[in-house]
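Novice: Okay, structure incoming, though there's no sequence with it:
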């Protein structure tokens, strides 16, 4: 294999199709789809499904491997929840009483 060998035999247009089928809640809102409409579309037997929290597949049936990968990347790109930082607990920990140190 050299640097000119394609990694996938599928055409690149297939990737563009995958990106249109997997969207985040924020992307759906940007397209004018409300949270209520998203919930309605994801109901049992509905045309959409939630793959991960805040990540939706816009067709029924199982996701392809490319759609699953794209969903994971979108989910991971969301970052930490607002008001939190990596490595910092979301809930404040109880303060320990002050204990003097005797030498």
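Specialist: Nice, I can see it. It should be emphasised that the depicted structure is a prediction, and the values quoted were computed from it without experimental measurement.

Novice: Let me know the average pLDDT across stretch 68-79.
Specialist: For stretch 68-79, mean pLDDT is 92.

Novice: Show residues contacting it.
Specialist: 18, 19, 22, 23, 24, 51, 52, 53, 54, 55, 57, 63 (CB atoms under 8 Å, 6 or more residues apart in numbering). Just so you know, the C-beta spots here come from the backbone N, C-alpha and C atoms, and that holds for glycine as well.

Novice: again, only using 10 Å
Specialist: 15, 18-19, 21-27, 50-57, 62-64, 86 (CB atoms under 10 Å, 6 or more residues apart in numbering).

Novice: what does stretch 25-34 give?
Specialist: 19, 23-24, 35, 37-38, 40-41, 48, 50, 53-56, 58, 74, 78.

Novice: Using PyMOL, make a named selection holding only the buried ones among the contacts of stretch 68-79.
Specialist: PyMOL command restricting the contacts of stretch 68-79 to the buried ones, with burial defined by 16 or more other CB atoms under 10 Å:
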select buried, resi 18+21+22+23+24+25+51+52+54+55+56+57+63
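
Novice: Looking at the contacts of stretch 68-79, which are in strands?
Specialist: Mapping the contacts of stretch 68-79 onto strands (DSSP state E) picks out 22, 23, 24, 50, 51, 52, 55, 56, 57.

Novice: Listing request: residues of this structure with sub-threshold pLDDT.
Specialist: Scanning the chain for pLDDT under 70 picks out the ranges 1-18, 81-103.

Novice: and the longest helix for it?
Specialist: Longest helix in the chain, counting residues (DSSP state H): helix 65-77.
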